[in-house]
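Student: structure for the following, please:
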Amino acid sequence: MVKSSSMLSWLWLSLLVLVLDQLTKYLADTGLDYAQPVALIPQLNLLLLYNPGAAFSFLSDASGWQRWFFVVIGVVISTVLLFWMRGLSRADRRVAIALALVLGGAIGNIVDRLLHGYVIDFIDVYYNGWHWPAFNIADSAITVGVVLLLVDSIKTQDSSDGK
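Tutor: The predicted structure is shown next:
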């Protein structure tokens, strides 16, 4: 298996995620009133919220140290993802795409933490009275990237089992 830094060419996807994420967060922050839902379609609102914690508001009510903790974790993860991408072969295109999505999302949320001390969320999905925690484009890219990694892992496992 020949290693190729050409998989770093997928960093344009990370940059695209970062730009879309920051643009939509700016539009939400300047165009929406805090915590006031704006209905788009049934089961989908725009809802500006600030999350000083992590996924599902984990540690959101800590005293402020979590901002720097999540910045450091994000930088470490981003660095690992870059080295992982750099070591991929040309045959690992699906993994490179997945990692680029996760990387772009991670950097988008790091930028928020550095600029604001919290992450700007604005997508509210709900059913009946149950609301999923609000999220943003960065969170969506991370989720899609992780799902792609899981799918690739399953396909790789199936291939190695002879299926």
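Student: those strands in this protein, which residues are they?
Tutor: 38-41, 44-51, 119-127, 130-131 (DSSP state E).
Student: by how many degrees do the longest one and strand 44-51 diverge?
Tutor: Between the direction of strand 119-127 and that of strand 44-51, the angle (axes from the mean of the first three to the mean of the last three C-alpha atoms, to 10 degrees) works out to 140 degrees.
Student: which neighbouring elements make contact with strand 119-127?
Tutor: Judged by 3 or more C-beta pairs under 8 Å, 6 or more residues apart in numbering; DSSP states H and E, strand 119-127 is in contact with helix 11-31, strand 44-51, helix 93-116, helix 137-160. Heads up, the C-betas are built off the backbone N, CA and C, glycines and all.
Student: wait, which of the strands of the chain is closest to residue 106?
Tutor: Between residue 106 and the strands of the chain, the tightest spacing by C-beta to C-beta is seen for strand 119-127, at 11.2 Å.
Student: now do the contacts for the nearest residue to residue 104 once chain neighbours are set aside.
Tutor: Spatially, and ignoring its direct neighbours in sequence, residue 104 is nearest to residue 17 (2.8 Å; C-beta to C-beta, 6 or more residues apart in numbering). Going by C-beta atoms under 8 Å, 6 or more residues apart in numbering, residue 17 touches 100-101, 103-105, 108, 137-138, 141.
Student: among the strands of the chain, which comes closest to residue 78?
Tutor: Nearest to residue 78 among those is strand 119-127 (15.2 Å), distances taken as C-beta to C-beta.
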